[in-house]
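[1] Below: sequence and its predicted model.
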Amino acid sequence: ISGVADDTEHNITIPGGFTFNGVSYTDARVGANGVIVFGATAGDITLVNAALPTGSIAAGNAFVAPWWDDIDNDAGGGQIFLGQSGNLFIAQWNSWGRSAAVAGQVVTFQVQFDQVTGQVFFVYSDVIFGGSQAAANDNGLNATVGIQWENSAGGFIQYSFNQASLTDGQVISFTPNTASYSWAPNTYLTADNIADPIAEAVAADITYTLTVTAAGCSTDG
């Protein structure tokens, strides 16, 4: 991405799109402070991280935060690279320092979006700033790590907040819930475990009960 600097935001296009919480996005906004906001083309991505859920990111409430912190590229020449590898669309923060960065004291991490499965991977190749930055900032000690699809009590997964939870070589994966469908009776259906089966060879009207299960919760209708 050209023009990357401390506290900047940049609009990107995800070729082929990515489905996040059931919504397909082709537009996103990448922040220098370690956040990608879906469906956004304007708005700030603040350097002040917060516990999830939060509405403090003006660019939007649907985002991934592999390392939301006051990181900057003043000393290490940090860049944000975009790339495609098979089904994976990848954004990489490469050689980023912390606020008041010191040359050579940098970290590198990625977000990988699997455009087939909908999975999100946070990949950490280097989480150690080292030197004078080490005690206060290594391992994500001042960062928010997680994903949020809406600013609500049930609209996020927070991996850590201001905790030294990250290690070199670590991968954190987020897998979307897949609903299962159970129809009763299912004798005359073309298939059972789908949302909209077709009834065949039914001699009389039949009342069906559908049970939908996702994330361990079920509802009947």
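    That came through fine.
[2] can you tell me the helix or strand for the closest residue to Ile71 other than its chain neighbours?
    Using Cβ to Cβ, 6 or more residues apart in numbering and skipping the chain neighbours, the partner closest in space to Ile71 is Trp96 (4.5 Å). Where you see a C-beta, it was placed from the backbone N, CA and C, and this is true even at glycine. Per DSSP states H and E, Trp96 falls inside strand 88-98.
[3] could you say what helices and strands that strand packs with?
    The elements that strand 88-98 packs onto, with contact taken as 3 or more Cβ pairs under 8 Å, 6 or more residues apart in numbering; DSSP states H and E, are strand 9-20, strand 71-72, strand 79-85, strand 107-114.
[4] my guess is the residue nearest to Ile71 contacts Asn73, does it?
    Yes. The pair Trp96 / Asn73 is scored as a contact, 5.7 Å apart, by Cβ atoms under 8 Å.
[5] okay, the two: which has more neighbours?
    More crowded of Trp96 and Asn73, by other Cβ atoms under 10 Å: Trp96, with 29 against 21.
[6] Quick check: the gap between that one and Val4.
    Trp96 sits 10 Å away from Val4, going by Cβ to Cβ, to the nearest Å.
[7] what is in contact with the two at once?
    32, 73, 78 (Cβ atoms under 8 Å, 6 or more residues apart in numbering).
[8] Point out the least confident one among those.
    Lowest pLDDT among the shared contacts of Trp96 and Val4: Asn73, with 85.
[9] Next, it: phi, psi?
    For Asn73, the backbone dihedrals (degrees, to the nearest 10) come out as phi -120, psi 20.
[10] hmm, back to that, what do Trp96 and Asn73 both touch?
    If you check Trp96 and Asn73 against Cβ under 8 Å, 6+ apart, the residues they both contact are Ala32.
[11] least reliable of the helices and strands packed on strand 88-98 going by mean pLDDT?
    Minimum mean pLDDT among the helices and strands packed on strand 88-98: strand 71-72, a mean of 92.
[12] Now for the residue nearest in space to the middle of the chain: which residues touch it?
    Closest to where the C-alpha atoms of the chain average out (Cα atoms, centre = their mean) is Val64, at 3.2 Å. Going by Cβ under 8 Å, 6+ apart, Val64 touches 35-36, 111, 120, 122, 147.
[13] if we go to 10 Å?
    Counting by Cβ atoms under 10 Å, 6 or more residues apart in numbering, Val64 makes contact with 20, 28, 34-38, 91, 111, 113, 120-122, 145-149, 174.
[14] Lovely, talk soon.
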